[in-house]
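1. only geometry, no sequence info:
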DNA sequence: TTCATAGATGACCGGTCGGTCAACATGAAG
DNA sequence: CTTCATGTTGACCGACCGGTCATCTATGAA
């Protein structure tokens, strides 16, 4: 069981690391196979194409996120606004750890892939969009609860949650470009100041 | 004079369009040459390598930006906060026009390149970082003036301007992933709500 | 008229790309 | 013992990659 899927898992995690650290186009299947100690023929036994591999990598990482520190950060027991800080912190420490090890900030795998391939591959684009929408929903929940608890004046939670996700991705983009995770820490807390007012019902 | 540089210019503008619409790695020199109606040998007469071409493309677009709608948006005669709206508007209309023509949102060339190659090529990364820093300075100016005019309570203009740029890039990223320029219009105005307070002097 | 220089041409290079395939190993079910 | 499914192996494919180069042409100064 676990042995059967071991090869597949090795391919998947190797591909994830390489795609994240460089880019989709820059990483070849040969390189993935070599590092994962898998033969090329075996690769194509599990994944029909490089695109399918990318799909699986996205699913894989989205799952790990959802059950990992995203679940922690958006813990229902945490005060809603603290969850935002937690999320920023988690992003910061993650990127910092990666930079300390590899010397470079990998940024957000989803953001990286989105900008690289969403003009070329509509299927992958749609999948990445779904990941972002799911992430946005976490912000949405937190905002709803913050409003309910009176911690924040009423606002357009739908739009604001999307804006917060955009801000997070933007900060990571800027930090990666500066190769300096501190950007996340310095700018991140401003996420709580973002507000989009409710549209006036005429 | 203009004839001499015509070939170079054709290469440059063709490369810009292709890099912007797809990605750096996905566009080959052969394709650029074909579209620009230039022979490969001629290409390498003007550009020593693909990396040098990328440098030139970034410079080229940064120049066109600086003297184009960025200069318009950050017109000193405009009220500072209106400049922010102008910038969002400009981004929106640009992306919308591009999508109407090509069917896909290209996003921001600088953001695209930054995420794709800043882990692989430190020279290009540094250049893109410089572009962002220059852009951030425009926001900085506007914020300084807004504070001076009392339109906004005092704040950390340095950090907030960087946050605003991050937000802009993040919005474009999200819009590109959704392939829907309206995201820029819907979330963009929240840029004015971003605030990073001045650090307390102990 | 000569000569140097800038530019244009297209064949060519080794290497890598994503992907295919026939042959073979393994192990469980009949 | 046979059959079949699952998985492994590595040679192989044509296309394309970034980049090189010898050769030719056009131009303008001396």
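-> All right, it came through fine. Please read these numbers as outputs of a predicted model, since none were measured by experiment.
2. anything in the helix or strand hosting residue A:110 near DNA strand C?
-> Using DSSP states H and E, residue A:110 falls within helix A:109-117. No - Helix A:109-117 stays clear of DNA strand C (C-beta under 7 Å from any atom of the strand), getting no nearer than 12.2 Å. Backbone N, C-alpha and C define where each C-beta goes, glycine included.
3. right, and the helix or strand after the longest helix along chain A?
-> Across chain A, the longest stretch assigned as helix under DSSP state H is helix A:122-148. On the C-terminal side of helix A:122-148, the closest following helix or strand by DSSP H and E is helix A:157-178.
4. how much space between the residue of chain A found nearest DNA strand D and DNA strand C?
-> Among the residues of chain A, residue A:41 lies closest to DNA strand D, at 1.9 Å counting by C-beta to the nearest atom of the strand. Using C-beta to the nearest atom of the strand, to the nearest Å, residue A:41 is found at 3 Å from DNA strand C.
5. so for that residue, what's the pLDDT?
-> Note for residue A:41: predicted pLDDT of 96.
6. in chain A, which helix or strand is least confident?
-> When the helices and strands of chain A are scored by mean pLDDT, DSSP states H and E, helix A:69-73 comes last with a mean of 89.
7. contact partners of that one?
-> Identification of contacts with helix A:69-73 by C-beta atoms under 8 Å, 6 or more residues apart in numbering or on different chains yields A:83, A:86, A:87, A:89, A:90, A:94, A:135, A:138.
8. what about the residue in chain A that chain B sits nearest to, neighbour count?
-> Using C-beta to the nearest C-beta, the single residue of chain A nearest to chain B is residue A:170, 2.6 Å away. The number of residues packed around residue A:170, counting by other C-beta atoms under 10 Å in any protein chain shown, is 26.
9. quick check: it touching residue B:162?
-> No - Residue A:170 is beyond contact range of residue B:162, at 9.9 Å (criterion: C-beta atoms under 8 Å).
10. tell me the mean pLDDT over stretch A:6-14?
-> 96.
11. buried residues of that stretch, list them for me.
-> For stretch A:6-14, the neighbour count (16 or more other C-beta atoms under 10 Å in any protein chain shown) marks A:7, A:8, A:10, A:11, A:12, A:13, A:14 as buried.
12. so what's the second one up against?
-> It stands for residue A:8. Listed by C-beta under 8 Å, 6+ apart, the contact partners of residue A:8 are residue A:46.
13. that one: helix or strand, and which one exactly?
-> Using DSSP H and E, residue A:8 falls in helix A:4-21.
14. check which element follows that helix along the chain.
-> Per DSSP H and E, the first helix or strand lying C-terminal to helix A:4-21 is helix A:29-36.
15. using JSON lines, lay out the buried residues of stretch A:6-14 together with distance to DNA strand D.
-> What follows is the buried residues of stretch A:6-14, written out as JSON lines (distance: C-beta to the nearest atom of the strand, whole Å):
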{"residue": "A:7", "distance to DNA strand D": "4"}
{"residue": "A:8", "distance to DNA strand D": "7"}
{"residue": "A:10", "distance to DNA strand D": "9"}
{"residue": "A:11", "distance to DNA strand D": "9"}
{"residue": "A:12", "distance to DNA strand D": "13"}
{"residue": "A:13", "distance to DNA strand D": "15"}
{"residue": "A:14", "distance to DNA strand D": "14"}
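16. re the thing from before, list the buried residues for the longest helix of chain A?
-> Neighbour counts over helix A:122-148 (16+ other C-beta under 10 Å) mark A:124-125, A:127-129, A:131-132, A:135-136, A:138-143, A:145-147 as buried.
17. ok, residue A:31 to residue A:11 distance?
-> 12 Å (C-beta to C-beta, to the nearest Å).
18. tell me what the helix holding residue A:110 is packed against?
-> Packed against helix A:109-117 by the contact rule (3 or more C-beta pairs under 8 Å, 6 or more residues apart in numbering or on different chains; DSSP states H and E) you find helix A:4-21, helix A:50-67, helix A:122-148, helix A:157-178, helix B:109-117, helix B:157-178.
19. next, the angle helix A:109-117 makes with the shortest one.
-> It refers to helix B:109-117. With axes from the mean of the first three to the mean of the last three C-alpha atoms, to 10 degrees applied, the angle from helix B:109-117 to helix A:109-117 works out at 110 degrees.
20. and what of the first one?
-> Regarding helix A:4-21 and helix A:109-117, their directions subtend 70 degrees when assessed with the same axes, to 10 degrees.
21. helix A:4-21 and DNA strand C in contact?
-> No - counting by C-beta under 7 Å from any atom of the strand, DNA strand C has no neighbours in helix A:4-21; the shortest distance is 10.1 Å.
22. and that helix, how far out from the chain's middle?
-> Distance of helix A:4-21 from its chain centroid, counting by C-alpha atoms, centre = their mean, to the nearest Å, is 17 Å.
23. next one: the fourth one
-> A distance of 11 Å separates the centroid of the chain from that of helix A:157-178, by C-alpha atoms, centre = their mean.
24. beyond it, next helix or strand please.
-> Under the assignment DSSP H and E, the closest C-terminal helix or strand after helix A:157-178 is helix A:182-187.
25. got a list of what the closest residue to residue A:47 other than its chain neighbours touches?
-> Counting by C-beta to C-beta, 6 or more residues apart in numbering or on different chains, residue A:47 lies nearest to residue A:53, which is 4.5 Å off, once chain neighbours are set aside. Shown in contact with residue A:53 (C-beta under 8 Å, 6+ apart): A:11, A:12, A:15, A:29, A:32, A:47.
26. would a markdown table of those with distance to residue A:75 be doable?
-> Listed next are the contacts of residue A:53 as a markdown table, based on distance: C-beta to C-beta, whole Å:
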| residue | distance to residue A:75 |
| --- | --- |
| A:11 | 33 |
| A:12 | 27 |
| A:15 | 30 |
| A:29 | 39 |
| A:32 | 35 |
| A:47 | 35 |
